[in-house]
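**Student:** Any chance you could fold what I've pasted below:
(one chain, ligands or ions: 3)
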Amino acid sequence: MSRYAGQSKEIHDCTAKTGVLLTNLGTPDSPTPGALRRYLREFLSDPRVVEIPRLIWLVILHGIILRVRPKKSAKLYESIWTEQGSPLLVISQQQKAKVEKALTDKYGDNVIVDVAMRYGNPSIGNALESFQAQGVNNIIVLPLYPQYAGPTTGATFDAVFNKIKTWRWIPSIHFQSSYHDKPLYIKALAASINNHIAAHGKPDKLVFSYHGMPKYFLEQGDPYYCFSHKTTRLVVEELGLSKDDYVMTFQSRFGKAEWLKPYTDETLASLAEAGNKHVAIISPAFSADCLETLEELVHENKEIFITAGGEQYHYIAALNDADAHIDVMLDLIEPHIT
Ligand SMILES: C=CC1=C(C)c2cc3[nH]c(cc4nc(cc5[nH]c(cc1n2)c(C)c5CCC(=O)O)C(CCC(=O)O)=C4C)c(C)c3C=C
Ligand SMILES: [Fe+2]
Ligand SMILES: [Fe+2]
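**Tutor:** Ligands and ions are numbered 1, 2, ... in the order given. This is a model prediction of the structure:
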């Protein structure tokens with residue numbers, strides 16, 4: 001058996017064919033403790049995600065976390081699960097269908113589009129194998145994380161490299177590392193906030209809540225914190241907001257280490273205690289609604305705000321498969337189609 005995977009000679013002289021791979025983080029196959037254990041084991045074993053010394057982490061992961069967390073997380077996933085499956089996967093498939101339609105309308109079958117998850121299914125490896133079998137010789141990888149972070153975008157590129165390094169013929173490949181400051185993305189967020197304000201009125205505070213990460217990632221040189229601040233600054237400028245109109249926070253803490261601050265839950269409680277009655281919250285780091293928005297932002301944090309004296313709490317949905325969001329993706333993809 002050969003060391004590298006090759007293709008049949010028939011596709012060696014085929015015309016240029018581009019494969020566009022949209023990716024997101026991953027989600028369990030079902031909202032059950034067993035599926036959660038498999039998913040969390042793969043996700044949390046990745047050194048890109050948890051960087052504490054390997055041996056110590058594996059003891060904590062297998063000895064404590066994988067015994068406790070799957071049951072707790074399964075209940076949360078159950079509360080957001082839909083008939084079609086996990087919202088993150090369902091929305092990712094809707095995004096893929098719209099991007100595929102726009103690109104095939106314009107480029108015919110010279111472009112194919114697929115969606116994959118970094119952890120769990122559908123896998124990045126299978127999507128790349130399918131590209132290879134279809135004679136793709138130009139690959140565009142678009143991880144749907146607007147702000148580059150090692151644990152998300154970096155980990156995605158690892159998976160792509162690991163697959164492609166087994167191929168005999170390596171195609172042209174474009175990785176979209178970040179798009180936190182791209183004008184169409186900023187305008188799409190601003191328009192979504194404006195639509196929300198038109199429907200529900202101007203909040204006392206607009207909260208920009210980003211998925212958090214341990215502070216040591218920032219100290220070791222990860223740009224996510226700074227990219228997130230840049231996104232907020234550009235959206236605020238686009239909306240013409242003043243300093244008192246908004247706050248920026250980080251959510252979804254996990255584990256004992258210090259994470260990026262200020263924390264979303266603590267900030268919401270202080271905002272209510274300080275007399276803010278009405279907040280609207282948006283989470284620009286999520287390109288699709290998922291557990292961290294539909295459970296944590298829609299329910300958990302609302303309860304915190306209302307219990308602390310707040311009255312109106314609104315979550316502004318992720319850009320999901322909105323046309324303006326599909327345009328953001330097309331704008332990132334099209335320059336790299338050959
Ligand atoms: C353990 C550390 C974690 C880091 C670092 C982290 C970074 C990070 N994550 C996202 C986006 C998503 N995270 C999601 C789920 C999720 N994240 C963590 C932990 C870390 N994330 C856990 C343990 C989980 C699983 C859910 C749970 O058990 O609580 C998801 C998927 C949600 C879904 O619907 O399936 C996304 C998307 C970003 C952008 C990010 C960057 C800093
Ligand atoms: Fe996460
Ligand atoms: Fe969470």
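
**Student:** For the stretch 151-300 of the chain, what lies in contact range of ligand 1?
**Tutor:** Proximity of the stretch 151-300 of the chain to ligand 1, by CB under 6 Å from any ligand atom, involves residues 151-152, 211, 213, 224, 254, 285-286, 290-292. The way it works is simple: take the backbone N, C-alpha and C, and place the C-beta from them, glycine included.

**Student:** Close to ligand 3: what parts of the stretch 201-338 of the chain are there?
**Tutor:** Counting by CB under 5 Å from the ion, the residues of the stretch 201-338 of the chain lying close to ligand 3 are 252, 292, 296.

**Student:** okay, who's weakest in the residues of the stretch 151-300 of the chain next to ligand 1 by pLDDT?
**Tutor:** Least confident of these in the model: residue 254, at 93.

**Student:** hmm, back to that, can I get the buried part of the residues of the stretch 201-338 of the chain next to ligand 3 as one ChimeraX selection?
**Tutor:** Filtering those down to the buried ones (16 or more other CB atoms under 10 Å) takes a single ChimeraX command:
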select :252,292,296
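
**Student:** Which members of the residues of the stretch 201-338 of the chain next to ligand 3 occur in helices, if any?
**Tutor:** Of those, the ones assigned to helices by DSSP state H are residue 292.

**Student:** From the residues of the stretch 201-338 of the chain next to ligand 3, pick the one nearest residue 21.
**Tutor:** Nearest to residue 21 out of those is residue 292 (CB to CB; 22.8 Å).

**Student:** Excluding residues flanking it in the chain, which one is nearest that closest one?
**Tutor:** Leaving aside its sequence neighbours, residue 292 sits nearest to residue 252 (CB to CB, 6 or more residues apart in numbering; 5.0 Å).

**Student:** Over to residue 255: give its phi and psi.
**Tutor:** Main-chain torsions, residue 255, degrees, to the nearest 10: phi 90, psi -170.

**Student:** Could you do the one 3 residues further on as well?
**Tutor:** As for residue 258, its main-chain torsions (degrees, to the nearest 10) stand at phi -70, psi 130.

**Student:** for the stretch 1-150 of the chain, which spans come out with low pLDDT?
**Tutor:** In the predicted model, the stretch 1-150 of the chain carries pLDDT under 70 at residues 9-16.

**Student:** Could you report the neighbour count for residue 242?
**Tutor:** The local packing of residue 242 (other CB atoms under 10 Å) involves 7 other residues.

**Student:** now that we're looking at it, how far away is residue 276 from it?
**Tutor:** 15 Å (CB to CB, to the nearest Å).

**Student:** what do you get for residue 313?
**Tutor:** 10 Å.

**Student:** Relative to residue 82, which of the residues of the stretch 201-338 of the chain next to ligand 3 is nearest.
**Tutor:** residue 292 (16.1 Å).

**Student:** what's near enough to touch the closest one?
**Tutor:** Contacts were defined as CB atoms under 8 Å, 6 or more residues apart in numbering; by that measure residue 292 touches 211, 251-252, 283, 286.

**Student:** Make CSV out of these and add distance to residue 129.
**Tutor:** CSV is the format used below for these (distance: CB to CB, whole Å):
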residue, distance to residue 129
211, 30
251, 35
252, 32
283, 33
286, 28
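
**Student:** Just the ones of those residues in strands?
**Tutor:** Judged by DSSP state E, those include 211, 251 as members of strands.

**Student:** ok so, going back, I'd guessed the residue nearest to residue 292 sits against residue 212; true?
**Tutor:** Yes. Counting by CB atoms under 8 Å, residue 252 does reach residue 212; the two are 5.6 Å apart.

**Student:** which element is residue 281 on?
**Tutor:** Secondary structure from DSSP states H and E places residue 281 in strand 278-282.

**Student:** you'd agree residue 42 is in a helix?
**Tutor:** Yes. Assessed by DSSP: H, G, I helix; E, B strand; the rest coil, residue 42 belongs to a helix.

**Student:** how about the closest residue to it other than its chain neighbours, phi and psi?
**Tutor:** Leaving aside its chain neighbours, residue 42 sits nearest to residue 119 (4.7 Å; criterion: CB to CB, 6+ apart). Main-chain torsions, residue 119, degrees, to the nearest 10: phi -120, psi 140.
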